[in-house]
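Enquirer: build the 3D model from these lines:
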Amino acid sequence: MNDLRSYPILRLTIPLIAGIFFTDTFFPVTGTMVFRVAAWCLFILLLFLIKTQEYKLRWLFGTVLYIFLFLLGGMLVQLKWKQISPNWNGNSQIYKGTVLEIPKKKAKTVSCLLLLNKQKALMYIRKDSLSMSLKMGDELLFYSKIHRPKNFSDFDYAQWLLRQGISGTGFVEAGKWKVTGQQSLSFKQKSLLLRAKVIDLFRDWRFEEKDFAVLSALTVGYKEELTDELRHDFSVAGISHVLAISGLHVGILWGLLTLLLRPLKRSTGGRIIKWILITSVLWIYAFIAGLAASIVRAVIMCMLVELGHIRSSKFSSLNVLSAAAFFMLIYNPFYLFDVSFQLSFMAVLSIFMFYRPMFNILHSHHSVVRYVWGVCCVSFAAQLGTAPLVMTYFSNFSVYFLLSNLIVAPLIPIIMYLAVGSLLFSPFIFCLRHAIHFLNNVAEWVSCLPYASFVLHVKPSGVIVLYLIIMGTFLFIRYRRRRDFIHWLATLLIGSSYMLFERLTI
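Expert: The predicted structure follows:
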């Protein structure tokens, strides 16, 4: 497609993703040396082709570059698996580790994420007065068995832990451990302590349990207090995305910072200072909120857009999105298999593709009509991009997502700004309490409407088919060429037939 030439970073990201997926599926821990040797040979060949600058060899340069990125993705996956390869012997012995995160109190245990000789292990310590006093940075000496993570349900919990870098789990009885010292805290650990202090401050405001849980999740990404009932109401209403810190929340903070720092944009030096300040604040917020994939994506995109503002240049939205994905996958290839990463990127990609064509369907000069129509278009585009993933991961589709998002869209910025204001001026707490309560009532009301959602599970292979149909529809709507129409019909027919066959053979 000719338009693909306008998105060079997307063209680089696609082979990287393909290499990560292919290698993780077929060669996660084998052939490491072959990948390294091949990648180095291709890298040297790339340097040679750059030096020659032969126009006739441009096709060779592109081919070698794509193969190199494919192998690079594979090599990154293999290195990542090597780092977390479980090497526990399963025997009871003495271990020494450091508590990496704030311990979480369960019904009968206290869970601690420990670093043991460059390996992470999730240990469950018997709950008592001593274990309740554990804190981040404590050095522990304990006697236990550590084994590879296991599954206890249909969800592949073991694989999920491994992709989080946690290679072992274990249980520690009371009296078989002790604190031997205290390590200095890293910047990320200090940011987690700051989040804990903010959450304690929220507790002091004495909100209702539901309101406190939603406020903590919505503002700083703390979701431990969310009940199954709350999660269900927000999911059925189609607004569960507000409970996960994402581009919406980062965008609201970015908008506030842009407004406050607007005087700095008058000179190049001022724009550089503005970029540094906005980047710093957004990354601090990302650390406090736990560095979820959706937050990292949003912060990187904001960084790149602000970087373009320094020289008054504009970036293609798709190039910015592709750059965020590229750098994130280089840093951690396991992001590709993170549900948050997939939902976040597909939502934003779908908005970039479908929002403008849909918005241009309705022509109105009335500001209220344009706003309502804009919210509908954004919600529908995001839902279109994430629906296949939602159906395969959660087997659920919300019917009234447009209605709930029309109400919630203007409410979320108000809640975010009231939360910031409440931290500074106590009178705002009263308004914040009522705003959060109203949000919960909306979620509960929509979830109780008849036929609010329906169960529809799609297999991973069906997700690919659905996205092919969506892409074919987009090409047909945008270009309206006879060839694209035939391709769209063929994709629709093959995809529908395949999904019908898959349903009949279950």
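
Enquirer: for the stretch 51-200 of the chain, what spans make up the strands?
Expert: With strands called from DSSP state E, counting those that start in this stretch, the stretch 51-200 of the chain shows them at 93-99, 104-105, 109-116, 119-126, 138-147, 166-172, 177-182.

Enquirer: would you list those in CSV and tack on mean neighbour count?
Expert: Heads up, the C-betas are built off the backbone N, CA and C, glycines and all. CSV is the format used below for the strands of the stretch 51-200 of the chain (neighbours: other Cβ atoms under 10 Å):
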stretch, mean neighbour count
strand 93-99, 17
strand 104-105, 14
strand 109-116, 20
strand 119-126, 21
strand 138-147, 18
strand 166-172, 20
strand 177-182, 14
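
Enquirer: those: which one's closest to residue 391?
Expert: The closest of the strands of the stretch 51-200 of the chain to residue 391 is strand 166-172. By Cβ to Cβ, the value is 28.2 Å.

Enquirer: so that closest one versus strand 93-99, what angle?
Expert: For strand 166-172 against strand 93-99, the angle by axes from the mean of the first three to the mean of the last three Cα atoms, to 10 degrees is 110 degrees.

Enquirer: looking at the strands of the stretch 51-200 of the chain, which is nearest to residue 367?
Expert: Residue 367 sits nearest to strand 104-105 of all these, at 46.9 Å, using Cβ to Cβ.

Enquirer: give the pairing partners of the closest one; include direction for each.
Expert: Paired with strand 104-105 in the same sheet, following DSSP bridges, are strand 109-116 (antiparallel).

Enquirer: and the contacts of the strand it pairs with?
Expert: Outside strand 109-116, the residues that touch it by Cβ atoms under 8 Å, 6 or more residues apart in numbering are 95-101, 103-104, 120-127, 131-132, 134, 140, 146, 166, 168, 171.

Enquirer: can you check stretch 255-272 too?
Expert: With Cβ under 8 Å, 6+ apart as the criterion, stretch 255-272 contacts 273-274, 277-278, 281-282, 309-311, 413, 417, 420.

Enquirer: quick check: residue 141 touching residue 96?
Expert: Yes - look at residue 141 against residue 96 with Cβ atoms under 8 Å: they come within range, at 5.3 Å.

Enquirer: output the lowest mean pLDDT helix or strand found in the protein.
Expert: helix 482-504 (a mean of 62; mean pLDDT, DSSP states H and E).

Enquirer: circling back to that earlier point, take the contacts of stretch 255-272 and keep only those in strands.
Expert: Among the contacts of stretch 255-272, no member falls in strands (DSSP state E).

Enquirer: looking at neighbours, which among the residues you listed is most surrounded?
Expert: Counting neighbours by other Cβ atoms under 10 Å, residue 278 leads those with 23 neighbours.

Enquirer: so which strand or helix has the closest residue to that residue other than its chain neighbours?
Expert: What sits nearest to residue 278 in space, not counting adjacent residues and going by Cβ to Cβ, 6 or more residues apart in numbering, is residue 257, at 5.0 Å. Assigned by DSSP states H and E, residue 257 belongs to helix 247-260.

Enquirer: mind listing what residue 176 touches?
Expert: Residues in contact with residue 176 (Cβ under 8 Å, 6+ apart) are 142-144.

Enquirer: output the residues you listed in CSV, with distance to residue 235 and pLDDT appended to each entry.
Expert: Below are the contacts of residue 176 laid out as CSV (distance: Cβ to Cβ, whole Å; pLDDT from 0 to 100):
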residue, distance to residue 235, pLDDT
142, 38, 91
143, 42, 91
144, 37, 90
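
Enquirer: which one of those is nearest residue 394?
Expert: residue 144 (34.8 Å).

Enquirer: you'd agree the closest one is up against residue 88?
Expert: No - applying Cβ under 8 Å as the test, residue 144 and residue 88 come out as separate, 10.4 Å apart.
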